[in-house]
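J.: with the input below, show me the fold.
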Amino acid sequence: MSAEPAITRTWSVGRYTAHLSVARPKPGAVMCAVIEWTPGVPRDFTDRDYQKYRDGRDRALSQIAAELGINVAVVEA
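T.: Here you go, the predicted structure:
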């Protein structure tokens, strides 16, 4: 995580915990979010786990966007 003050959200996905953080933006800046995992990066997700992750991620980003008064886009490859 960055040493800058950040906005964070955390949620569980099975036995893993996702930690999403976003640095507080400067006006006009492009932002990105960082997701870190405990106890480590998942390697055994099921389709249901992926959906739970995406639901948590989308909820977290929606809350942060509302808090900052910004728009958010998610691009998955």
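J.: please enumerate the helices of this protein.
T.: 47-68 (DSSP state H).
J.: state the distance from residue 21 to residue 45.
T.: Residue 21 sits 21 Å away from residue 45, taking C-beta to C-beta, to the nearest Å as the criterion. C-beta: built from backbone N, CA, C; applies to glycine.
J.: looking at those two, which one has more neighbours?
T.: Set side by side, residue 21 and residue 45 show more neighbours around residue 21, with 18 against 14, by other C-beta atoms under 10 Å.
J.: the more buried one against residue 7, yeah?
T.: Yes. Assessed by C-beta atoms under 8 Å, residue 21 is found in contact with residue 7 at 7.0 Å.
J.: please name the bridge partners of the closest residue in space to residue 38 that isn't next to it in sequence.
T.: Using C-beta to C-beta, 6 or more residues apart in numbering and skipping the chain neighbours, the partner closest in space to residue 38 is residue 17 (4.9 Å). On the basis of DSSP bridges, residue 17 is bridged to residue 12, residue 38.
J.: just want the most central residue of this protein.
T.: Note on the chain: the residue nearest the mean C-alpha position is residue 20, at 3.4 Å, using C-alpha atoms, centre = their mean.
J.: could you check the pLDDT of residue 3?
T.: pLDDT recorded at residue 3 is 55.
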